[in-house]
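>>> quick one, fold the following:
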Amino acid sequence: MRYGDKVALDGLSLEVARGSITAVLGPNGAGKTTTLETCEGYRRPQSGTVRVLGLDPVRDRRALLPRIGVMLQGSGAWSGARAVEMLRHVASLHAHPVDVDLLVERLGLADCGRTPYRRLSGGQQQRLGLAMAVVGRPELVFVDEPTAGMDPQARRDTWALLEEVRRDGVTVVLTTHYMDEAEQLADTVHIIDRGRLVASGSPTELTRGSQVSTIRLVVTRPFPPGAPASLTAALGPDVVVRLIDELSLVVTGPADASTLARVSRWCEEQGVLPESLHLGTRSLEDVFLDLTGRELAV
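This is a model prediction of the structure:
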């Protein structure tokens, strides 16, 4: 797929297993939204082949649409429609919809049910968009940033609903900027960058690495200037020190008890008071940064 001179998808090839939750991750501009829109039939690929539930999403659109659900980034709701009114309308378009009242209760929409869409908060709009995507009992649901703008409890409720949908045999394909969300939900993760697939596997498979560990250091007040370079010099060239924010950093590389002791000694020399110091395996975020060199922007 090209947009003028820009190549959005460059020989991208991936599969999604039935009954799974699959996360498609990538930096901004990597081609995630184009990938989903092509699978949903909103864009026709300029070359290559796309099959969704065995059907061509453009040519077989009438046969495919009743079998899939789509949560758009902008929800697709009418700005003046009340939340539950919009959901009931979408439910009426399907032959065997989910009970609307139960879905409203499940996603915490009761308190804003009579509020026009344009006056809903970002998190409420996201919850309504998800409800509209699953109310028709789809075999496959595409969800684009399902928990953006939600508070922690709403995020957990949404995760529970997606896992419940998967247990009912529905296939879920999602994009997200939250690495913990992908690790929590996904059976398979596809990481794409600059329109190409750079890694695939379960979160466990992608983060597995016997020789690579991480040390996460959180401190009580901001690090002194030049902290990453100073700590790298103290630990040696085999590690990578990455500043997460002014109060936390991650050391990636070979790590053992002596490495922890050197980090503690560095803290003492720099006058830094640790709040927590944790030795563990690489996270999905570490793998993502290694592969793409870019952070996800929320």
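>>> shaky segments in the stretch 151-298 of the chain?
Low-confidence segments of the stretch 151-298 of the chain, defined by pLDDT under 70, are located at 209-212, 294-298.
>>> which parts of it are helices?
With DSSP state H, counting those that start in this stretch, the ranges of helices along the stretch 151-298 of the chain come out as 152-167, 179-185, 203-207, 227-235, 257-270, 284-292.
>>> please report how far the residue lying farthest from the centre of the chain lies from Arg262.
Here the centre of the chain is the reference, and by Cα atoms, centre = their mean the most remote residue is Glu269, at 39.0 Å. Relative to Arg262, Glu269 is positioned 10 Å away (criterion: Cβ to Cβ, to the nearest Å). All C-beta spots, glycine's among them, are computed from the backbone N, C-alpha and C.
>>> same check, this time on Val7
For Val7, the distance to Arg262 under the criterion Cβ to Cβ works out to 45 Å.
>>> and Val90, by the same measure?
From Val90 to Arg262 the distance is 58 Å (Cβ to Cβ).
>>> quick one: closest of the helices of the stretch 151-298 of the chain to Arg62.
For the helices of the stretch 151-298 of the chain, proximity to Arg62 was assessed by Cβ to Cβ; helix 152-167 is nearest, at 24.1 Å.
>>> now Arg242: how far from Leu260?
17 Å.
>>> also Val7?
Between Val7 and Leu260 the distance, using Cβ to Cβ, works out to 45 Å.
>>> same thing with Asp238?
Asp238 sits 15 Å away from Leu260, going by Cβ to Cβ.
>>> hang on, the earlier thing: so which of Val7 and Arg262 has more stuff around it?
The residue with more neighbours, out of Val7 and Arg262, is Arg262; 18 against 14, by other Cβ atoms under 10 Å.
>>> ok, the more buried one - contacts?
Taking Cβ atoms under 8 Å, 6 or more residues apart in numbering, we find Arg262 in contact with Ala234, Leu235.
>>> try Gly195
By Cβ under 8 Å, 6+ apart, the contact set of Gly195 is Met1, Val7, Ala8, Leu9, Asp10, Gly11, Leu12, Ala30, Gly31.
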